[in-house]
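Engineer: turn this into a structure:
(one chain, ligands or ions: 1)
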Amino acid sequence: MIRKIRLGINIDHVATLRNARGENYPKVVDAAKIVEKSGADLITVHVREDRRHINEKDLGDILDVINIPLNLEIAANPEMVNIALQYKPKFICFVPEKRKEITTEGGLDVIKNFDNLKKNIQILLNSDINTSIFIDPDKDQLIATHKLGVKTIEFHTGTYANAFMQKTNVEKELKKITESAAFANELGLNCHAGHGLTFENVSPIASIKKIDELNIGHFIIANSIFDGLETSIIKMREIISKAAK
Ligand code: PXP
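Structural biologist: Residues are numbered from 1 along each chain as shown. Next comes the predicted model:
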């Protein structure tokens with residue numbers, strides 16, 4: 001059987017570029033249409049507390065033009081949960097958020113934030129929206145996430161991506177993700193992964209059998225400057241499909 005990994009493309013940084021000059025271009029809806037045309041399975045966006053890239057208008061505009069599902073990344077607080085309930089994307093992923101961080105720096109600490117998460121995400125777990133949590137590849141985090149009643153997790157691959165770049169501890173970081181994916185599978189959790197993935201480092205992650213979705217943003221948007229968005233997505237898909245066989 002051919003294993004197909006779903007590919008989600010995060011288009012936050014199209015909005016980052018737009019906001020850098022306060023212009024109305026590049027348009028996120030145009031990016032969303034190209035992502036869909038390029039055969040991606042979903043579009044991912046992160047509405048941050050400071051709206052540094054995607055805002056609610058973008059969210060509504062994107063939902064109006066796409067036919068593939070949208071995966072909304074949000075922090076676990078009442079404001080963001082209300083946005084999710086208002087816009088009703090097909091998927092939600094809860095991520096940690098610190099105001100000053102440049103990007104999401106790690107997984108959500110479900111153990112430490114268990115009570116807050118329980119309070120904030122219950123309403124979504126009881127809705128039609130498929131809810132996941134972005135966590136580090138760690139057994140105790142998985143146990144806590146399972147206890148919350150969540151059915152899907154996304155592994156933070158940023159530490160692996162850094163290790164890959166520095167050429168140190170790559171095997172150690174890969175082992176953590178592989179073993180955590182196997183344990184998640186034992187718990188009956190669906191596994192996604194993302195953060196810092198590139199043409200160069202994606203294959204070992206895509207070849208982990210239990211991982212069935214990858215979300216990739218920054219590298220794809222950056223590479224689009226040279227190759228265009230469609231070509232970058234198609235190339236990423238080809239690399240992932242080859243590794244997944
Ligand atoms: N998955 C999650 C949960 C994220 O928060 C991000 C970054 O917003 C990504 C995937 C994509 O990471 P990158 O932009 O580094 O590809």
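Engineer: over to Ile9. Which of the three states is it?
Structural biologist: Following DSSP: H, G, I helix; E, B strand; the rest coil, Ile9 is assigned to strand.
Engineer: for it, give the beta-bridge partners.
Structural biologist: Under DSSP bridges, the beta-bridge partners of Ile9 are Ile43, Ile216.
Engineer: give the contact list for it.
Structural biologist: Ile9 is in contact with Val35, Ser38, Ala40, Leu42, Ile43, Thr44, Asn215, Ile216, Gly217, Ile220, Ile233, counting by C-beta atoms under 8 Å, 6 or more residues apart in numbering. Where you see a C-beta, it was placed from the backbone N, CA and C, and this is true even at glycine.
Engineer: can you list those in JSON lines and add distance to the ligand and neighbour count?
Structural biologist: Shown next, in JSON lines, are those (distance: C-beta to the nearest ligand atom, whole Å; neighbours: other C-beta atoms under 10 Å):
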{"residue": "Val35", "distance to the ligand": "13", "neighbour count": "27"}
{"residue": "Ser38", "distance to the ligand": "16", "neighbour count": "20"}
{"residue": "Ala40", "distance to the ligand": "13", "neighbour count": "26"}
{"residue": "Leu42", "distance to the ligand": "11", "neighbour count": "21"}
{"residue": "Ile43", "distance to the ligand": "12", "neighbour count": "26"}
{"residue": "Thr44", "distance to the ligand": "6", "neighbour count": "26"}
{"residue": "Asn215", "distance to the ligand": "4", "neighbour count": "24"}
{"residue": "Ile216", "distance to the ligand": "5", "neighbour count": "26"}
{"residue": "Gly217", "distance to the ligand": "3", "neighbour count": "24"}
{"residue": "Ile220", "distance to the ligand": "7", "neighbour count": "25"}
{"residue": "Ile233", "distance to the ligand": "12", "neighbour count": "24"}
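Engineer: farthest pair within those residues?
Structural biologist: Farthest pair in these (C-beta to C-beta) is Ser38 and Asn215. Separation: 15.0 Å.
Engineer: the helices in this protein, which residues?
Structural biologist: 12-21, 28-37, 56-65, 78-87, 114-125, 139-148, 158-166, 170-187, 202-206, 218-227, 229-244 (DSSP state H).
Engineer: ranked by average pLDDT, which of these falls at the bottom?
Structural biologist: Lowest mean pLDDT within the helices of the chain: helix 114-125, a mean of 92.
Engineer: distance of Glu105 from Gly158?
Structural biologist: 7 Å (C-beta to C-beta, to the nearest Å).
Engineer: of these two, give the one with the bigger neighbour count.
Structural biologist: More crowded of Glu105 and Gly158, by other C-beta atoms under 10 Å: Gly158, with 19 against 13.
Engineer: which phi and psi does the closest residue to that one other than its chain neighbours have?
Structural biologist: Of all residues not flanking Gly158 in the chain, His195 sits nearest, at 4.1 Å (C-beta to C-beta, 6 or more residues apart in numbering). His195 adopts backbone torsions of phi 110, psi 120, taken as degrees, to the nearest 10.
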